[in-house]
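>>> Fold the stuff below for me.
(chains A and B)
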Amino acid sequence: MKIGTSLVQYSIKRPQMIIARSVAGAVLIVLLAALPSIWPEIFTFLPAATIDTDPENMLSKDEPIRHFHQQRKEQYSLHDMIVLGIVNKTDPNGVFNVKSLKAINELARYAKELTWDDPEHPGKQEGVIAIDIIAPSMVDNIQPGQLGEVKFDWLMPAVPTTEAEALAVREKAARLPFMQGTLISEDGKALCLYIPISSKHLSYKIADKLKQKIATLHSGDEYHITGLPVAEDTFGVEMFIQMAVSAPMAMALIFLLLLYFFRKLSLILAPMLVAILSVMYTMGALIVSGNTIHIMSSMIPIFIMPIAVLDAIHILSEFYDRYQEHKDQEKAILAVMDTLFVPMLYTSLTTTAGFASLALTPIPPVQVFGIFVAFGVMVAWLLTVTFIPAWIMGINPESLSSFGMQAGHEAEENTILTRLLAKLGHVTFHHSRLVMLGVMIVAAISAYGISRITINDNPVKWFEAKHPIRAADRELNQHFGGTYMAYLEIAPTGSLPDIKTTRQEIEKMFESAPKAAPVLDTLKQLLEETAGKAQTRAALFRKLGEAIDSRLDTASDAQYDAFDAASLMVSAASQKDELFKQPDMLRWTGELQDYLKSMGSSDGGVLVGKSNSLVDLVETINRELHGGEDKYLAIPDSSAGVAQCILQFESSHRPGDLWHFVDRGNAENGTPAYRRLSLWVQLKSGDNRDMAQVVRGVDQYVSTHPAPIAVKPAWFGLTYINVKWQEKMVGGMLQSFIGSFLVVLLMMIVLFRSALWGLLSMIPLTVTIGLIYGFIGLIGKDYDMPVAVLSSLSLGLAVDYAIHFLARSRELVKVHGTWRDTVGPIFGEPSRAIARNVLVVGIGFLPLLAAPLVPYQTVGLFIAAILLSAGVATLVILPALETLLAKLIFKTEKANLTCKCGTCLFFGIVAAALFGISIHQFLSTGLNLTAGLSFGIVLIFCVTCFLLSKRKQCNMEE
Amino acid sequence: MRYHITIIATLLFALSGNSSWAGDSAKEKAPDVDTIIKKANKVSYYQGKNGSAHVSMTIKDKDGQTRVRKLVILRMDEAAPKGENGAEANDDYCGEQKIYAYFTRPADVNRTAFLVWKHLDKDDDRWIYLPALDLKKRISSTDKRTSFVGTNFYYEDVSGRNIDADTHELIETTKDCYVIKNTPKDPASVEFASYTVWIHKTTFLPIQTEYYDKDGKAFRKYLALNVETIQGYPTVTKATMSDLRTGGETTAEYSDVKYDVELPEDIFTERYLRNAPTKYLR
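Numbers count the residues shown, from 1 in each chain, chains lettered A, B, ... in the order given. Okay, the predicted model is just below:
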């Protein structure tokens, strides 16, 4: 308290210096942040602002799934894709008309050219990966030609000149399982181009160029661009526009509301400045410290502003009510600060604790967000207790003569707010039981709502329903197999035999082969030599084959045949390890694909519209080789048959496509090719919930329908990555929420020197959070990233009101003697401050609802809802409880916390639980160890508290 | 450009059995471009009246993973049997020919066979036999610029591109090579805008070929890595085709190269697809 008073006094004495320094500091840090971004070549020693809109970065860089995703993408040469759909609603044949196909062809050719030198890797190109584009002019068609021949050619070698030719393109594509539902829509009306790009960070740029090209086409078609990379990159760009529009709009509205309440422009500039300066300090610090501006950190200003304004409003409200009492700025502000300093410090500390606890979640952007909001809150607090008193001192006293509540209580009666609050005080006092019954009912409904919460997120749904990306998403997923890509890798669980076993296996093979008999001794000798040199089974097969072949040149005719037969045997033996050339494995994979397609989502829709694999490729070739008869749309009966179909596929324009579906193997570690298979799964929805359901379904399928050789499924691809970080986020958020709840509870026990008061202060926030999340559950809104983060905001804001209300009621009870006599005054100025706060900040953030980005809408709506329910909860539940518990809580208190055995013990238990949660999260220790440690701490507290409370000084004070 | 020429100069030291390539040839006036092209076509695809070779093709991807395909190629010039004294009589012959390709490794494509009747004035006839499916199929060959069984070579690289499909221009004469730029007459039918070939002055073997896109950027490159003189014919025995975009490349190595061997003409018929002429495939 003393430090507080001197801090305030210091500011009052030097108002100009405080104001000048606060502003100068903010300007300086913003310059430090901005200059290296504008002139990076001059300010090389400072980090430039970097923008990171990649949800993948929700996971730490060394997260195993990210590593796996990256590694497999390279292994299968897969790239993130821009999905460009073309729909024609006027032509009865959809886009399969000359004009549309001409435009599509032009667009595909244009897309192919979208590459340029990679500025970061000289000599390399970045942009569109031309060879992997899926477009009618760039994929192969295979079909039976005349006289039983097989014909391989481009699906659309040239732009059709007649309508019949245009329709032929459709007919050809519809026959190819690879194309149906992927390149052309199931209804045969629409076409989809898949444009792979070297980095997903280029997707906005490339999508933008495509849009410019589309604008010149005038083909009468609808063009839709979507795909996760575009959605994520576009979000990043629009996020900044949003920051530049919504945040100032919110500020403007808060300003108007403040003006309405306090009617003094010079005065209300102060909280506005505090908010702006806090944001400048925080964002400046964020950039200067080298952190990226992520989807999460872009929301920092929106979180800091209400919190910064909050305390300032308490001061203004109090000053407004008390000024006429003192008629002296210095006296009034000192009196106000004397009353408010401790509650404000605590409210800021609790808010800080709430956000700082996010640093314990395992998600880096959330950690950065938590830490910097916490930092911003403390900056705001410091400015509130120094800048605002200084500012008030600078105001011309004459202009304040008509300011504030004119003559105490009589004037109060005149405002609606005052009357309403007085009435509320009356009701809560006289009908406290009824109020509590109501709270119970609300709590029960909330609990039911929470039980119905669905955890789900989808970056495409971060855009409003009417956004072009959402429209494209709806339109294309209605026509096609799905625009959300996930990849399912199937790999054997077992490993290959070692060199020794392999050697024995080959020896037996030679001995039992009559063809090899003439040269058996030489073969055994070669086997011995090569087995000594080979590191792996695959290498042994290869080296042995080479060694035998080298004998062919000098061999006699009889020996030639024997060596040749032996070499062939070795080659055949090595190919048995090529798992996904085996017909039974491919058939099993085909069945898995059928299962994928049969999966239904919770609302009865289709989950997986399409999956492509080596199976489709081999089956199609087999059918066309057999004259296109549908009964041959099947896997051949031998692995050689499979291999020979693949050989045909490899004789196409795009043999490299094969390796998107099957692993090439690795000579270094001895993995043969065809041991891992990658399924390209197209989901209709990017909802994490749906992806998670597919993952579970596949796991279950694989365990109930085991493959001929045991395999394990593993997922990668952006759609799956999103599920992984969501899982981390939900678990992490819950733990960090419990952690910060306990921290705040501890602080409250210390503040009020009582476990009971501490618990009491947590009630409004508990009810608020229950209500908010119950509401989310009831209306069916998904628990997504912004909703998860809002729990920390609720924690920080809701406890504020409780602290102010309880601290003031305890103080006023001391003045007025009993709670009964306090109800009137507590529903005067203290409640008005809370109510003004709710109205100003809550309404102030409603402009966010106009934002085109859903996370901002969510934040705006829920800040308002949190403030409203926290305010109501505080003003209704706390007085009702205080009425009910008056005898218990307003008795004479022991001065020292440690003298109260119960409070001390409770404190200990909470501290132990907090320790348990934090340690568990940090070290990921087993639950048993954590529980044991926590229990130990509780025991220590038990003993200590008992001993402390039996001290002499405790008894004496009583 | 200078860099490539250095490579070729170094490479040419590897030429064996040919002593006339260096020296005073630089003083000679270059023959006209059509003559150079015709000679290059002749030595690349029409040496002797027929020939056979064992080919091992190693396909290497950008990560260095390799796959090997082995095959035996038999070749016969259509006009050869009609010639009076073997190869000499058909010195200028660059016409129709028949090619039989028989796969031996890996085991699962063993006995797969191709038969090509190469025509100059119409599409080639092409058949394939797939033993595991016991399927003999005629394959449409309108487009020859597709991968040759998954390698970086195209069918057209193996069978030879029709010299009339391009216009040729001698753009440079270096110490050892004629550098010729070839522009397709029908740009829509091919994936390149032009290609440049370095033809060795004395052997007329194409030593290097680069394919360019419409921005003039090379995206595909052929390089002869080893040349031997076999039965008097300079022969490329090792060559590589690189895809500069994907970083993949295929190296073809030729062994047991023989010219003017005894090859009955009926080997080059559909009948022999199913029943390989093993005697001639050793």
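
>>> Now for A:Val435: which residues touch it?
Contacts for A:Val435 (Cβ atoms under 8 Å, 6 or more residues apart in numbering or on different chains) come out as A:427-428, A:876-877, A:880. In short, each C-beta sits where N, CA and C put it, glycine included.

>>> Farthest pair within those residues?
A:Val427 and A:Ile877 (12.3 Å; Cβ to Cβ).

>>> Between the two, which is the more surrounded one?
A:Ile877 (25 against 15; other Cβ atoms under 10 Å in any protein chain shown).

>>> Point out where the chain drops to low pLDDT.
Chain wasn't specified; assuming chain A. A:1-4, A:41-46, A:146-148, A:402-414, A:602, A:891-899, A:918-939, A:941-958 (pLDDT under 70).

>>> switch to chain B, that's the one I care about
Looking at chain B by pLDDT under 70, you get B:1-28, B:79-91, B:141.

>>> Quick check: which helices or strands does the longest helix along it pack against?
Ranked by number of residues, the top helix in chain B under DSSP state H is helix B:33-45. With contacts defined as 3 or more Cβ pairs under 8 Å, 6 or more residues apart in numbering or on different chains; DSSP states H and E, helix B:33-45 has these neighbours: strand B:166-173, strand B:177-184, strand B:194-200, strand B:233-243.

>>> What angle do strand B:233-243 and that helix make with each other?
Computed by axes from the mean of the first three to the mean of the last three Cα atoms, to 10 degrees, the angle separating helix B:33-45 from strand B:233-243 equals 90 degrees.

>>> buried ones in helix B:33-45?
Residues B:33, B:36-45 are the ones in helix B:33-45 that count as buried (16 or more other Cβ atoms under 10 Å in any protein chain shown).

>>> which one of those residues is nearest chain A?
B:Tyr45 (20.1 Å; Cβ to the nearest Cβ).

>>> you'd agree the closest one is up against B:Arg161?
No: with contact defined as Cβ atoms under 8 Å, B:Tyr45 does not count as touching B:Arg161 (9.6 Å).

>>> Give me the common contacts of the two.
Counting by Cβ under 8 Å, 6+ apart, nothing touches both B:Tyr45 and B:Arg161.

>>> which residues are there in the stretch 1-150 of chain B that come within reach of chain A?
Residues of the stretch 1-150 of chain B lying close to chain A by Cβ under 8 Å from any Cβ of the partner chain are B:61, B:63-67, B:104-110, B:112, B:128, B:130-133, B:135, B:137-140, B:142-143, B:145-150.

>>> Any quick PyMOL command for the buried ones out of those residues?
Paste this into PyMOL to select the buried members of the residues of the stretch 1-150 of chain B next to chain A, with burial taken from 16+ other Cβ under 10 Å:
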select buried, chain B and resi 61+65+67+104+105+106+107+108+109+110+112+128+130+131+132+133+135+137+138+139+140+143+146+147+148+149+150
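
>>> Tell me which entries of the residues of the stretch 1-150 of chain B next to chain A lie within strands.
B:66-67, B:104-105, B:128, B:130, B:135, B:137-139 (DSSP state E).

>>> Check these and tell me the two furthest apart.
B:Thr66 and B:Arg138 (32.2 Å).

>>> Residue of the stretch 101-250 of chain B closest to chain A, please.
B:Gly150 (3.1 Å).

>>> which residue sits closest to that residue, ignoring its sequence neighbours?
Spatial nearest neighbour of B:Gly150, excluding adjacent residues (Cβ to Cβ, 6 or more residues apart in numbering or on different chains): A:Glu650 at 3.1 Å.

>>> The one you found: what's it in contact with?
A:658, B:147, B:149-150.

>>> Which pair of those residues spans the longest distance?
A:Leu658 and B:Val149, at 11.8 Å, using Cβ to Cβ across these.

>>> still on that earlier bit, I'd like to know which of the contacts of A:Glu650 is nearest to A:Ala912.
Nearest to A:Ala912 among the contacts of A:Glu650, with distances taken as Cβ to Cβ, is A:Leu658, at 59.4 Å.

>>> Pretty sure the closest one sits against A:Cys645.
No: judged on Cβ under 8 Å, A:Leu658 makes no contact with A:Cys645 at a distance of 11.0 Å.

>>> Need the overlap of contacts for the two.
A:Leu617.

>>> Going by residue numbers, what spans are strands in the stretch 651-800 of chain A?
Assigned by DSSP state E, counting those that start in this stretch, the strands in the stretch 651-800 of chain A fall at A:677-683, A:711-716.

>>> want to throw the ones you listed into JSON lines with mean neighbour count?
Supplementary listing: the strands of the stretch 651-800 of chain A in JSON lines, determined by neighbours: other Cβ atoms under 10 Å in any protein chain shown:
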{"stretch": "strand A:677-683", "mean neighbour count": "25"}
{"stretch": "strand A:711-716", "mean neighbour count": "20"}
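
>>> Compare those and report which one is nearest to chain B.
The nearest among those, by Cβ to the nearest Cβ, is strand A:677-683 at 15.6 Å.

>>> Tell me what angle the closest one forms with strand A:711-716.
50 degrees.

>>> quick one: the helices in chain B?
B:2-12, B:33-45, B:155-159, B:271-274.

>>> And the third one, how far out from the chain middle?
Spelled out, it's helix B:155-159. 6 Å (Cα atoms, centre = their mean, to the nearest Å).

>>> Stretch A:706-720 now?
Using Cα atoms, centre = their mean, the offset of stretch A:706-720 from its chain centre is 24 Å.

>>> Same question for stretch B:169-188.
On Cα atoms, centre = their mean, the centre of stretch B:169-188 falls 17 Å from the chain's centre.

>>> Likewise for stretch B:188-206?
12 Å.

>>> Please spell out which residues along that stretch are buried.
For stretch B:188-206, by 16+ other Cβ under 10 Å, it's B:190, B:192-206.

>>> So it, near chain A or not?
Yes: residues of stretch B:188-206 are located near chain A by Cβ under 8 Å from any Cβ, namely B:Ala188.

>>> Just give me the neighbour total for B:Asp124.
21.

>>> roughly how far apart are the residue of the stretch 401-550 of chain A at minimum distance from chain B and A:Tyr560?
Per Cβ to the nearest Cβ, A:Gly545 is where the stretch 401-550 of chain A lies closest to chain B, at 7.7 Å. Distance, A:Gly545 to A:Tyr560, by Cβ to Cβ, to the nearest Å: 15 Å.
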